[in-house]
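S.K.: what follows is a predicted structure for the sequence shown.
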Amino acid sequence: MSRLRVLIEGLSKDVVTEKYPYAPVEVPEGFRGKPVIDPSKCVGCGSCVNACPPNALSITDEGPYRVVRLFIGRCIFCGRCEEVCPFNAITLTREFELAVTDTADLVQEVKLVMARCAACGEPYAPLREVRKVAERLPDELRALAYLCPKCREVMASHYVSFARR
Amino acid sequence: MRRASGSDDSGKGSVRPGSLKGLGEVLRELGAEDVRVVHAGAVLVTVGKGRLRGFVEGLLKSFEGEARYSTGVGTDFRPLEGSYAMTHVIALDRVGAYVLVEVRSGAVRPSIPSITPVMPAANWAEREARDMLGIEFDGHPEPVRLILPDDWPEGVYPLRKDFPYDLKLSEVEGVDVGRMVGEPRNFSVSPRVRSPDAEVAYASIPMGPYHPALHEPEYYELYVEGERVVDAKYRGFFVHRGMEKLAESRMTVNQVPFLAERICGICGYTHACAYCQAVEAAAGIEVPERALFIRSILLEIERLHSHLLWFGVAFHLLGFDTGFMAMWRIREDVMRVAEALTGNRKTYGMNLVGGVRRDVRGEKVSLVTRMLGKVEEEFKGFCRNALRLSEVVERVKEVGILTREDAMKLGAVGPHARASGLEIDVRADHPYAAYGFIDVNVAVKDSCDVLARILVRYEEVLESVRLIREFLKLMPEGELMAEYGEIPPLRVGVGVTEAPRGEDVHYVVTGLGNRVYRWRPRAPSYMNLATVPTMLRGERLANVPIIIASIDPCFSCTDHAVVVDVRTGARRVIKLQNLLRGCPP
């Protein structure tokens, strides 16, 4: 009897197997797929790099550019980058078909022009980031944002010594 | 960890008789030098080397039938305090506390008395600390390697703090990797093994390096006489991934939950929870109630899919593939709901220290409710018939017996222990997340066979459905994440969860700069695998796969390698070269 019931039950159920890859599958809203950086929003601050558990994101200063590099081959799709990005520049898409024939296709690079120090001319931080910082500074301090950390230190000590006089 | 306030109406929230205060007195009387409550439900006691074994014996006597070995953690404290420490975590389930027995050893030629002679379940933990940290355990009955391959060079201890995480063995001074690999192998499986105390010659059958159904690396060597298994040896730990070292060397506290989640390919979320609980307890972070409820809901969803997966595997091993298909069909709904709630079918990625990252409300709640109704109906409907089929029941009845005494002695946990009549369940004994708000019905069977393990899990699936409904009903509004600053250094925390396979223990010592100084996860299969040889003795060869599968083993979680039982006296070793090649010859 039980055997017959098992059979009937089996016959009464629908097929749950997806036709994929012959038919597309829908992933739900909020699915954590391939992260993508919006190059127009990224300022190169490196928050995502600090949060990224598997080091899929990295930041390197290459001469006049700062390069933010995302290597999907290391990505674990946790979405921490999306969570910590102050400018919503990186988001997880619903894309999950990530097979490529060339590893280079798994890398996204964002090249940001570096600001040059107003005093010594050395590149020190991405121009976009510097501008964002400058916007938030009070007028009298704004000029400091356009100096590299070294020159800023020197300048700041000047301020202090002048103040004492 | 936090318990329900006003425990009278919620029942399980309170500490049971023999409260922590009284416990301190008892521990002091037994010879503890210092007793300190590190956080709710965990007491750290310091014991001198000389008194250790007496202390453990006394503890076993005072809490007879209750003191259960949970895990042991070796820590290199040399950079801070100039010593090594071994911390035995002993669970007192009726008291509702974990006792951390800490013993220190000097920095030169570290040695600590072994407690394995009085508490056999400590065997693996002590050998692990010996392999990874070089602490010698005086009086250990089986002082051989567990984790590291037998031709790993002497004097190289990967978990010591002066061993850089990215150091290659070939870079270690005095180690010639080429010579190691070139050594003659002696891991040849001999076709016939002679038992030392018998005149009979047994045939030996290697099973592995992959389990026929679980597709995970393990190696059993079975000694058979005809169809009957006379003895078994287990060797695992082929997939040690060095997670502890990785976390301690280069990750911050909020990166580790994602690593912890990847310990297991089935029940990862429970590891992420246990880790977060350990850090939260250590740092005194109060997690918002809503977050606790969301964690509990997801933990039960994970148990549902894990048990359904196991039912499928078990039916498949019994040759009942209709059942396998049916279970996995039912499970698919659970997976889809998990995906909708968290953004992924399996790696939920929901936890950070202090709370959860996504809310469960609105449409998502009704998704869960609909899924629960469907799963309950279909699972019950199918099992009502399937568990009456003789080809299922007769194959598992009185097969793979693990007596209550053996289960206790070897430290079995989870559904495996409950099927042997031990009433232990972390959710009820040491309530965590939101389990303090609800009574959990603990499924216990006492026939001690594979059938009992099936029935326990059957009840647990239905209990999970009930629990999720209750949690959804009681879930309060509120924040999802606690606010906290830098994690205070050098605090100790223990986070324990009831994983689908049993008690999952994470021990954490916090470090400087929002890092962990020591993190030691202990997956439930670590305890349960040690019980397998006992269950296999006297069984028929054809029953071996289902018996091994009946503990729902998770080899990679245990992730750390050796011969458990050496009745034949012949000790065989696995060479590093074989591990490198991926399989024993």
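M.R.: Noted; the coordinates are in hand.
S.K.: how far off centre is the longest strand anywhere in chain A?
M.R.: In chain A, taking DSSP state E as the definition, the longest strand is strand A:107-116. Computed by C-alpha atoms, centre = their mean, to the nearest Å, the chain-centroid distance of strand A:107-116 equals 12 Å.
S.K.: residue B:99 reaches residue B:26, doesn't it?
M.R.: No: between residue B:99 and residue B:26 no contact is recorded; they are 10.0 Å apart, counting by C-beta atoms under 8 Å. Backbone N, C-alpha and C define where each C-beta goes, glycine included.
S.K.: and the two? which has more neighbours close in?
M.R.: residue B:99 (23 against 18; other C-beta atoms under 10 Å in any protein chain shown).
S.K.: the more buried one bridge partners, please.
M.R.: Note on residue B:99: beta-bridge partners residue B:43, residue B:90, judged by DSSP bridges.
S.K.: separation between it and residue B:59?
M.R.: Residue B:99 is 7 Å from residue B:59, where distance means C-beta to C-beta, to the nearest Å.
S.K.: then residue B:23?
M.R.: 10 Å.
S.K.: shared neighbours, the two?
M.R.: With contacts defined as C-beta atoms under 8 Å, 6 or more residues apart in numbering or on different chains, the residues shared by residue B:23 and residue B:59 are residue B:99.
S.K.: who's more crowded, those two?
M.R.: The residue with more neighbours, out of residue B:23 and residue B:59, is residue B:59; 26 against 22, by other C-beta under 10 Å.
S.K.: contacts only, for that one.
M.R.: B:27, B:30, B:67, B:90, B:99, B:101.
S.K.: what count of nearby residues applies to the fourth one?
M.R.: When neighbours are defined as other C-beta under 10 Å, residue B:90 has 26 of them.
S.K.: try residue B:485
M.R.: Neighbour tally, residue B:485, other C-beta under 10 Å: 8.
S.K.: could you pull up phi and psi at it?
M.R.: phi -90, psi -140 (degrees, to the nearest 10).
S.K.: number of nearby residues for residue 150?
M.R.: If you meant another chain, say so; for now it's chain A. Neighbours around residue A:150, by other C-beta under 10 Å: 13.
S.K.: wrong one, I was asking about chain B
M.R.: Residues near residue B:150, counting by other C-beta under 10 Å: 16.
S.K.: over to residue A:75?
M.R.: With other C-beta under 10 Å as criterion, residue A:75 counts 22.
S.K.: which residues touch it?
M.R.: Residue A:75 touches A:34-35, A:54, A:56, counting by C-beta under 8 Å, 6+ apart.
S.K.: how about it, secondary structure?
M.R.: Secondary structure for residue A:75, judged by DSSP: H, G, I helix; E, B strand; the rest coil, is coil.
S.K.: okay, it: pLDDT?
M.R.: At residue A:75, the model reports a pLDDT of 97.
S.K.: which residue sits closest to residue 137, ignoring its sequence neighbours?
M.R.: Since no chain was named, I'll use chain A. The shortest distance from residue A:137 to any non-neighbouring residue, by C-beta to C-beta, 6 or more residues apart in numbering or on different chains, is to residue A:145 (5.8 Å).
S.K.: correction: the question concerned chain B.
M.R.: residue B:114 (3.8 Å).
S.K.: count of neighbours near the closest residue to residue B:174 other than its chain neighbours?
M.R.: Among residues not flanking residue B:174 along the chain, residue B:153 sits closest, at 7.5 Å (C-beta to C-beta, 6+ apart). Residues lying near residue B:153 (other C-beta under 10 Å) number 15.
S.K.: so what's residue B:153 up against?
M.R.: So residue B:153 contacts B:169, B:172, B:174-175, B:180 (C-beta under 8 Å, 6+ apart).
S.K.: what about chain A, any weak spots by pLDDT?
M.R.: Along chain A, the parts satisfying pLDDT under 70 run over A:162-165.
S.K.: where along it do the helices fall?
M.R.: A:2-12, A:47-51, A:80-84, A:127-136, A:142-145, A:149-164 (DSSP state H).
S.K.: give me the pLDDT for residue B:221.
M.R.: 75.
S.K.: repeat that for residue B:556.
M.R.: 60.
S.K.: that older thread, need the contacts of residue B:59 in a markdown table (columns: pLDDT and distance to residue A:122).
M.R.: As requested, those are exported to a markdown table (pLDDT from 0 to 100; distance: C-beta to C-beta, whole Å):
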| residue | pLDDT | distance to residue A:122 |
| --- | --- | --- |
| B:27 | 92 | 63 |
| B:30 | 92 | 67 |
| B:67 | 92 | 66 |
| B:90 | 96 | 60 |
| B:99 | 96 | 59 |
| B:101 | 97 | 58 |
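S.K.: show me what counts as buried in stretch B:311-327.
M.R.: By 16 or more other C-beta atoms under 10 Å in any protein chain shown, the buried positions in stretch B:311-327 come out as B:311-318, B:320, B:322-327.
S.K.: quick check, that stretch touching chain A?
M.R.: Yes: Stretch B:311-327 is in contact with chain A by C-beta under 8 Å from any C-beta of the partner chain, via B:322-323, B:325-326.
S.K.: which ones are touching the spatially most central residue of chain A?
M.R.: Compute the mean C-alpha point of chain A, and by C-alpha atoms, centre = their mean the closest residue is residue A:90, 4.5 Å away. Residue A:90 makes contact with A:35-38, A:42, A:48, A:70, A:81-82, according to C-beta under 8 Å, 6+ apart.
S.K.: which strand residues bridge it?
M.R.: Bridge pairing for residue A:90 (DSSP bridges) gives the partners residue A:37.
S.K.: how close does it get to residue A:79?
M.R.: 9 Å.
S.K.: what is in contact with those two at once?
M.R.: In contact with both residue A:90 and residue A:79: residue A:35, using C-beta under 8 Å, 6+ apart.
S.K.: list the contacts of the residue of the stretch 151-300 of chain B found nearest chain A.
M.R.: The nearest approach of the stretch 151-300 of chain B to chain A comes at residue B:255, 3.9 Å away (C-beta to the nearest C-beta). The neighbours of residue B:255, taking C-beta under 8 Å, 6+ apart as the test, are A:51-53, A:80.
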